[in-house]
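Participant: Next one to model:
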Amino acid sequence: QVQLVESGGRLVQPGGSLRLSCAPSGRTFSRNFMGWFRQAPGKEREFVAAINWSAGLTYYADSVKGRFTISRDNAKNTMYLQMNSLKPEDTAVYYCAAKREFTASPEKIEYDYWGQGTQVTVSS
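Facilitator: Numbering: from 1, shown residues only. So this is what the prediction gives:
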């Protein structure tokens, strides 16, 4: 059983920064992509960012481009999402996900493993 565990979510003021982390537990597994998605109350889950695990290529939603940075630490087997210049509309539960196979569309919600989510609230 593969489990993905997110951490780092909390309440932050507009303009502030947060760093989310995602690490797998359980059995080892191979992955081509890992990504971050988010879901705000009453809205569908949406793509935030993804990273090709071996090559390190990154992909971003337009709404976060220039403010968020996705990265991975192979030695620690951990993925990160650095979020800067946070806005109230970034408020959501953030989920990390992993995909075994290569895809030309990492923004699609077709991942194999998901975490339980971590709450990010941007409010003054």
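Participant: hey, let's count contacts and neighbours off CA atoms from now on
Facilitator: Fine.
Participant: On the three-state scheme, the closest residue to residue 80 other than its chain neighbours is what?
Facilitator: Excluding its sequence neighbours, the residue lying closest to residue 80 (Cα to Cα, 6 or more residues apart in numbering) is residue 21, at 4.5 Å. Under the three-state scheme (DSSP: H, G, I helix; E, B strand; the rest coil), residue 21 adopts strand.
Participant: What of the one 10 residues further on?
Facilitator: Three-state call for residue 31 (three-state DSSP): coil.
Participant: Where do the strands of the chain begin and end?
Facilitator: With strands called from DSSP state E, the chain shows them at 2-7, 11-12, 18-26, 33-39, 46-52, 58-60, 68-73, 78-83, 92-99, 113-114, 118-122.
Participant: Roughly how far does residue 29 sit from residue 23?
Facilitator: Using Cα to Cα, to the nearest Å, residue 29 is found at 12 Å from residue 23.
Participant: Looking at those two, which is more packed in?
Facilitator: Taking other Cα atoms under 10 Å, residue 29 and residue 23 do not tie; residue 23 has more neighbours (18 against 12).
Participant: wait, what's in contact with the closest residue to the more buried one other than its chain neighbours?
Facilitator: Closest residue to residue 23 apart from its sequence neighbours, by Cα to Cα, 6+ apart: residue 78 at 4.7 Å. Listed by Cα atoms under 8 Å, 6 or more residues apart in numbering, the contact partners of residue 78 are 21, 22, 23, 24, 72.
Participant: ok, how many other residues are close to the second one?
Facilitator: Residue neighbour count, defined by other Cα under 10 Å, stands at 25 for residue 22.
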